[in-house]
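Participant: okay, predicted coordinates and the sequence, questions at the end:
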Amino acid sequence: MRARIEALSWVEKLRCAYAEATDKALYPDVPALTSVTVRIPWVDPLAVFGQAKGARTFFERPSRGLSMVGIGSLWRVDCAGEGRFEKASSAWKSLLARTIVSDRDAPPFPGPVVFAGFAFDTPANPANHWLSFGQGRLVLPKIFIVSKGNLSWLTLNLMAGKKSEGTLKQRVDEAFCLLDGSSKGVGALPEPQAGSLAEDSNENESPESWKRAVFTAVQKIREGTLQKVVLARQVRMRQEGRISPTLALDRMRQGFVECTLFAFLEDEACFLGATPERLVSLYDGSHVLLSCLAGSAGRGLDCEEDLRLKEGLLSDRKNRLEHALVVDAIIKALTPLCSELTLSPSPSPAYIRNIQHLHTLVLGTLKRKPANVLDLIDLLHPTPAVGGLPKEKALWLIRTLEGFDRGWYSGPVGWLDGSGDGEMFVAIRSALLSGNEALLYAGCGIMADSDPKAELEESRLKLEAMRWALNGKN
């Protein structure tokens with residue numbers, strides 16, 4: 001009974017907040033985005049993700065106790081080709097100019113939150129399995145729920161106008177059903193029973209073929225054509241029953257606490273992952289935070305072996321040079337924009353479940369406040385951590401040697417709030433799910449002294465992370 005009373009209290013708060021927001025409208029008869037946020041009893045956004053139907057988006061930073069889910073799409077902008085980041089930024093800025101916000105309950109993000117996702121590249125003929133995602137997209141959900149620590153907030157987004165009261169009731173009812181169905185957590189959700197995930201060797205590029213591509217890349221680098229290129233593998237896997245995105249994300253939150261979890265579900269396809277790499281965060285309008293991540297080694301079975309592998313990674317010439325190229329490129333891109341720029345004095349290991357990376361943190365203060373975080377992406381993407389150097393020559397070689405469309409793998413994904421602040425991540429350690437099939441992705445930085453066999457083993461190490469997340473087995 002108490003839960004019912006609490007639910008009714010937030011429903012009434014929503015209605016009051018909505019009425020207050022619409023009173024602020026300059027032109028009551030003209031539809032405008034109205035975004036209303038209230039505190040609600042704590043809920044797990046992943047349980048809501050699993051409970052919901054249709055298009056939805058999920059992000060979580062387990063180490064920060066921050067989790068969010070967006071249900072449906074009230075407003076969506078697809079951006080393709082040259083200038084896609086600029087188009088997305090302009091569209092969000094334009095929508096915010098005609099937005100009314102009511103968020104008196106001090107949510108973690110001011111104003112409405114929009115999710116963003118972009119492909120790594122802009123191919124003329126994208127692969128069929130990526131068609132539902134496009135080359136770039138902003139999605140403003142109809143219902144947005146965010147939890148931080150033991151607190152939760154609900155945001156309803158509506159195009160409010162003369163005849164919006166019925167829409168409000170429908171949206172409140174939908175939110176109430178979602179929260180009620182999610183109240184017992186992820187463990188209570190009905191999920192399919194499925195067999196083990198197995199590689200479809202008949203449809204995958206052979207390991208020998210990929211090693212030949214690495215060898216070709218090494219030759220190009222030694223000829224002086226370029227300094228570094230990142231080559232990725234796409235591995236198709238299947239199991240007997242449907243692969244559950246919710247169960248996979250639940251495993252990720254347990255096994256990848258240091259990472260950022262994400263999932264974009266569209267037309268029964270779901271792109272999800274647990275990425276350790278931040279592309280850029282914008283906070284307080286003019287401060288940026290970036291993570292340079294390049295150079296990899298495995299994890300040990302015990303502390304002694306882990307320490308030995310760490311010391312080997314820190315002293316390895318190839319990995320240190322690969323990492324330095326990433327740091328230098330990011331500093332070069334940011335220096336003209338920043339009045340102040342600081343970075344870690346030396347790279348340190350970032351530990352993930354089965355792998356460790358060299359990591360350098362970069363902090364900057366911008367000379368001029370951008371409209372939003374999207375204005376910074378074009379300067380940074382793709383970093384040498386997922387593309388190469390020089391950028392255009394590396395992209396040409398990737399297109400020539402990889403033989404498949406990366407889609408959103410290694411592209412920027414994240415969110416923006418109503419102030420323009422936001423966080424964008426590089427979508428690595430990821431997979432594209434559809435029914436009982438999964439396309440897993442992993443990339444390796446190829447340098448002049450790269451060994452094709454060692455690079456193949458590194459790619460397998462990275463693929464193991466997502467294989468485990470999908471079915472609990474390496």
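Facilitator: Yes, it's here.

Participant: residue boundaries of the strands in the stretch 201-350 of the chain?
Facilitator: Remark: strands assigned in the stretch 201-350 of the chain by DSSP state E, counting those that start in this stretch are 228-238, 260-266, 269-275, 278-283, 287-298, 338-343, 348-351.

Participant: the spatially most central residue of the chain in helix, strand or coil?
Facilitator: Nearest to the mean C-alpha position of the chain, by C-alpha atoms, centre = their mean, lies residue 413 at 3.8 Å. Judged by DSSP: H, G, I helix; E, B strand; the rest coil, the three-state class of residue 413 is strand.

Participant: my read is that it contacts residue 425, right?
Facilitator: Yes: counting by C-beta atoms under 8 Å, residue 413 does reach residue 425; the two are 5.7 Å apart. Every C-beta, even on glycine, is put in place using the N, C-alpha and C of the backbone.

Participant: so what sits against both of the two?
Facilitator: Taking C-beta atoms under 8 Å, 6 or more residues apart in numbering as the criterion, residue 413 and residue 425 both touch 262, 275.

Participant: ok so, going back, the strands of the stretch 201-350 of the chain: which one's closest to residue 420?
Facilitator: In terms of C-beta to C-beta, the element of those nearest to residue 420 is strand 278-283, at 7.0 Å.

Participant: tell me the average confidence for that closest one?
Facilitator: Confidence for strand 278-283, expressed as mean pLDDT, is 96.

Participant: tell me which residues are up against that strand.
Facilitator: Residues from elsewhere that reach strand 278-283 (C-beta under 8 Å, 6+ apart): 260, 288-291, 370, 372-373, 376-377, 380-381, 383, 412, 414, 420-426.

Participant: same deal with stretch 367-374?
Facilitator: 85-86, 88-90, 92-93, 116, 280-282, 285-286, 337-339, 376, 414, 416, 420-424.

Participant: re earlier: need the strands of the stretch 201-350 of the chain in CSV with distance to residue 389 and mean neighbour count, can you?
Facilitator: Formatted as CSV, the strands of the stretch 201-350 of the chain follow (distance: least, C-beta to C-beta, whole Å; neighbours: other C-beta atoms under 10 Å):
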stretch, distance to residue 389, mean neighbour count
strand 228-238, 5, 22
strand 260-266, 25, 24
strand 269-275, 21, 25
strand 278-283, 17, 22
strand 287-298, 11, 22
strand 338-343, 18, 14
strand 348-351, 21, 17
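
Participant: what would the ones you listed look like in CSV with distance to residue 452?
Facilitator: Shown next, in CSV, are the strands of the stretch 201-350 of the chain (distance: least, C-beta to C-beta, whole Å):
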stretch, distance to residue 452
strand 228-238, 10
strand 260-266, 31
strand 269-275, 26
strand 278-283, 28
strand 287-298, 16
strand 338-343, 32
strand 348-351, 25
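
Participant: residue 467 is nearest to which of those?
Facilitator: The nearest among the strands of the stretch 201-350 of the chain, by C-beta to C-beta, is strand 228-238 at 7.2 Å.

Participant: same for the closest one, what does it pack against?
Facilitator: Secondary structure elements in contact with strand 228-238, counted by 3 or more C-beta pairs under 8 Å, 6 or more residues apart in numbering; DSSP states H and E, are strand 198-199, helix 207-222, strand 388-389, helix 391-401, strand 437-446, helix 452-471.

Participant: who does it pair with, and is each partner parallel or antiparallel?
Facilitator: Applying DSSP bridges, strand 228-238 is found paired with strand 198-199 (antiparallel), strand 388-389 (antiparallel), strand 437-446 (antiparallel).

Participant: out of those, which is closest to residue 363?
Facilitator: Taking the strands paired with strand 228-238 one by one with C-beta to C-beta, strand 388-389 is closest: 23.0 Å.

Participant: that closest one: how far from the chain's middle?
Facilitator: In terms of C-alpha atoms, centre = their mean, to the nearest Å, the centre of strand 388-389 is set 22 Å apart from its chain centre.

Participant: got the contact list for that strand?
Facilitator: Under the criterion C-beta under 8 Å, 6+ apart, residues 226-230, 325, 329, 394-395, 397-398, 445-446 lie in contact with strand 388-389.

Participant: how does it look with 6 Å?
Facilitator: Residues outside strand 388-389 that contact it (C-beta atoms under 6 Å, 6 or more residues apart in numbering): 227, 228, 229, 230, 325, 394.

Participant: including pLDDT and distance to residue 21, could those go into TSV?
Facilitator: Formatted as TSV, these follow (pLDDT from 0 to 100; distance: C-beta to C-beta, whole Å):
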residue	pLDDT	distance to residue 21
227	96	53
228	97	51
229	97	51
230	97	46
325	94	49
394	97	48
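
Participant: what's across from residue 71 in the sheet?
Facilitator: On the basis of DSSP bridges, residue 71 is bridged to residue 56, residue 143.

Participant: what is the burial count for it?
Facilitator: Using other C-beta atoms under 10 Å, residue 71 has 24 other residues around it.

Participant: who's in contact with it?
Facilitator: 52, 56, 141, 143.

Participant: let's see that with 8 Å instead.
Facilitator: Per C-beta under 8 Å, 6+ apart, neighbours of residue 71: 48, 52, 54, 56, 141, 142, 143, 144, 145, 174, 178.

Participant: buried subset of those residues?
Facilitator: Buried members of the contacts of residue 71, counted by 16 or more other C-beta atoms under 10 Å: 48, 52, 56, 141, 142, 143, 144, 145, 174, 178.

Participant: let me know the closest of those to residue 235.
Facilitator: Taking C-beta to C-beta as the measure, residue 56 is the one of those closest to residue 235, at 25.9 Å.

Participant: shouldn't that closest one be in contact with residue 73?
Facilitator: No: if you go by C-beta under 8 Å, residue 56 and residue 73 don't touch, sitting 9.2 Å apart.

Participant: for those two, list the residues in contact with both.
Facilitator: Joint contacts of residue 56 and residue 73 (C-beta under 8 Å, 6+ apart) are residue 141.
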